[in-house]
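How does the following fold in three dimensions:
(chains A and B)
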Amino acid sequence: MKEDIMSLNIILCIKSVVLDAPDGRVVRSPETTGLNPFDRPAIEMALRLREEMGGNITAISMGPESAAFALYEAMSMGVDRAILISDRDLAGSDTLATSRSLAAAIKTLSPFDLAIFGARSSDSDTGQVGPQTAVQLDLPFITGVYDIKAKDSEIILERGIDEFIESFRISLPAALAVHAVAVQPRDVRLSGIEKAFGIESLERINLKDLDIPKETVGDDGSPTKIVSLERVVRKKKCEFISGTVEEQADELVRRLKETGHIG
Amino acid sequence: MDLFLSEKHSIVRRSVRAFCERELKPIARELDIEARFPWEVVEKMGRLGYFGIQAPEALGGAAMDTTSYCIIIEEISRACAGLGLCVTVHNSVAVYPLYTFGSDEQKEKWVPPLARGEKIGAFCLTEPNIGSDASGVESTAVRDGDHYIVNANKVLITNGGVADTCLMFVKTDRNGGYKGLSVIVVERGTPGFEVGDLENLSGNRANPVSSIRLNDCRVPAGNLLGKEGMGMKIGLVALDTGRIGIGAQALGIAQAAMEEAIKYSKQRYQFGVPISQHEAVQMMIADMATQIDAARLLIYRAAAVKDKGRPFSTEAAMAKLFASETASKVADMAVQIHGGYGYSKSYPVERFYRDARVTRIYEGTSEIHRIVIARGVSEQYK
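Residues are numbered from 1 along each chain as shown, chains lettered A, B, ... in the order given. Take a look at the predicted model:
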């Protein structure tokens, strides 16, 4: 634990996700991809922390060139610096391989205080990259963070579980994932967009800059493979319950209990 | 379409759309029915920079390009045409001429609060007897020492009910024709400044359109914008910019109308199939989409020409003319696709139909625009 927290160096790990696939085809462009919606609360929390404590925020993302768009969105919200990790050899990375690249990139940004992640990604939904990256970096890691408080040179993280709030006093550097509904992300200011697209605003690095073996990333470094992807077809059924209002209510309650929707 | 836009423009559209869909679209119907100006949304828009889109950064603006400006106006108008009108008129024919023709002192005094949306601007040209022919303005300003005594009767003023900073077109030389026309900035609260009742208009009802009267208003001579006699020039420069914005407003209305029509055509079944499968409906959807894309391209072209610093009057007039006529046609087809429901206030296309109509009238009628275009084009083929 730092004796005195003056300002925080924050690293934000964000993802560009597919938001729209017209005609069922994935074509990555600024119109079809964007910042992972679950990363927005993470960015908001980082921005509030910076406003309170001072410091700076660096957003990093691993992905193809189209992922730059998500970084520009993060910068438009107010992130200071953005780095895109892009390399042909990183293609096909699963969550573990992705976390290796992110961990390597984070190391190059040392010293830092906090590595912040979103809860999960809206397209692959695993929630694994944050914890895996923290393990690679040997950092304490808290999931589902609702609030970060800086008090008397300490950082207190609050984590929501059902009806309770767990508080953790953490030593820095640390990693955390922000709960999806922890904070309302701010709207983008027009001046923020202009600033994001200012000169030298986005940095690009590749595998060589990360100094990790090629075999540990990309397709080769990914122990998991997606075998197939099929659309789930949900069948909706409409049924009318007859009888008096009381009978209808009783029957409805009975069925909801039977299907486990109510206890 | 988006081949012509940069990543920055995509973020502009996405950000403004997200804001408008959350804050404005859900209340647009209520604003129309109650003819209410949504200050609560305007304040938020002000903080995000929507009231100083192209104003210089040093004056509190976002200093964006004209294409971004058009995207922002389109997106606001897609949610609520009356507020799109407010924002474009404020930015293009109030704030823009202030930072273009104002002295340093004037710019620093007026632009920052306008750019933050804390004050709203208005362009006061129209009078009971004056519309397209600006040279005939009857309002007057007579020099009296360090002041002007201004008497004016301005009608159908967009933002009139809420405007603080008004660009008043007055005659400083009563017999000078258009050369006697000047612009004097008059602020609400000046003794003699009187806002009339709000007009009970057909569309754009969230916008507080009203008359403004100045009765022997004593206005400091320092409020003269540019020089005496520059009124016509200021007006034309402002309106060229304003016309691109009104084109974008019309485009937003058309886009919203088409989206609603397509949505409805997939839900409405007749003769056993959704009406979107009826060829007659498909013809209309094809015409709507094609005309909207053409309008959008004309608007982006006018914006690009302006940003290159080249003359853009003809391009702006073409964009405004085509977009406004497209909005009327598209809204009409959207009503037709909705059938009887399209004539009901329960469906938004009824509102779009009313909102679209006036875009062919204000900031230069379609007829005036055809004259501007014909003159511009004839010049090129001397």
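
which phi and psi does residue B:367 have?
Residue B:367 adopts backbone torsions of phi -70, psi -40, taken as degrees, to the nearest 10.

Find me the pLDDT at residue A:5, would you?
You'll see residue A:5 listed with a pLDDT of 59.

show me the contacts for residue 189.
Picked chain A for this. For residue A:189, the contact set (Cβ atoms under 8 Å, 6 or more residues apart in numbering or on different chains) comprises A:76, B:47-49, B:62. Any C-beta I mention is one placed from the backbone N, CA and C, and that applies to glycine too.

The chain in question should be chain B.
Per Cβ under 8 Å, 6+ apart, neighbours of residue B:189: residue B:164.

That one should be in a helix, yeah?
No: secondary structure assignment (DSSP: H, G, I helix; E, B strand; the rest coil) places residue B:189 in coil, not in a helix.

Quick check, pLDDT for it.
Value listed for residue B:189 in the pLDDT field: 96.

likewise residue B:2?
Value for residue B:2, per-residue pLDDT: 63.

hang on, the earlier thing: kindly reformat the contacts of residue A:189 as a markdown table containing pLDDT.
Converted to a markdown table, these look like this (pLDDT from 0 to 100):
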| residue | pLDDT |
| --- | --- |
| A:76 | 96 |
| B:47 | 97 |
| B:48 | 98 |
| B:49 | 98 |
| B:62 | 97 |
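
Narrow these to those that are buried.
Buried by 16 or more other Cβ atoms under 10 Å in any protein chain shown: A:76, B:48-49, B:62, out of the contacts of residue A:189.

re earlier: which members of the contacts of residue A:189 are the farthest-apart pair?
With Cβ to Cβ as the measure, no two of those lie farther apart than A:76 and B:47, at 14.8 Å.

ok, back up a step: and of the buried ones among the contacts of residue A:189, the nearest to residue B:260?
Nearest member of the buried ones among the contacts of residue A:189 to residue B:260, counting by Cβ to Cβ, is residue B:48, at 26.1 Å.

which residue is nearest the centroid of chain A?
What sits nearest the mean C-alpha location of chain A, by Cα atoms, centre = their mean, is residue A:118, with 2.4 Å.

Now do the same for it: its pLDDT.
As predicted, residue A:118 sits at a pLDDT of 95.

Next: the one 10 residues further on.
Note for residue A:128: predicted pLDDT of 93.

Report how many residues lie close to the residue lying closest to it once chain neighbours are set aside.
Among residues not flanking residue A:128 along the chain, residue A:95 sits closest, at 4.1 Å (Cβ to Cβ, 6 or more residues apart in numbering or on different chains). If you count neighbours by other Cβ atoms under 10 Å in any protein chain shown, residue A:95 ends up with 20.

Does residue A:95 touch residue A:226 like I think?
No: between residue A:95 and residue A:226 there is no contact under Cβ atoms under 8 Å: 11.5 Å.

one step back: now the contacts of residue A:189 in JSON lines, with secondary structure and distance to residue B:106?
Putting those into JSON lines (DSSP: H, G, I helix; E, B strand; the rest coil; distance: Cβ to Cβ, whole Å) gives the following:
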{"residue": "A:76", "secondary structure": "helix", "distance to residue B:106": "32"}
{"residue": "B:47", "secondary structure": "helix", "distance to residue B:106": "24"}
{"residue": "B:48", "secondary structure": "helix", "distance to residue B:106": "25"}
{"residue": "B:49", "secondary structure": "coil", "distance to residue B:106": "21"}
{"residue": "B:62", "secondary structure": "coil", "distance to residue B:106": "20"}
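
Any chance of a markdown table for the residues you listed, columns distance to residue B:78?
A markdown table is the format used below for the contacts of residue A:189 (distance: Cβ to Cβ, whole Å):
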| residue | distance to residue B:78 |
| --- | --- |
| A:76 | 20 |
| B:47 | 21 |
| B:48 | 17 |
| B:49 | 19 |
| B:62 | 20 |
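
Do you know the pLDDT at the residue of chain B most remote from its centre?
Largest separation from the mean C-alpha position in chain B: residue B:272, at 43.4 Å (Cα atoms, centre = their mean). Per-residue pLDDT puts residue B:272 at 96.

so where do the strands sit in the stretch 51-200 of chain A?
A:55-62, A:81-85, A:114-117, A:141-151, A:154-161, A:164-170, A:174-178 (DSSP state E, counting those that start in this stretch).

Among those strands, which comes closest to chain B?
Minimum separation from chain B across these (Cβ to the nearest Cβ) falls at strand A:81-85, 12.5 Å.
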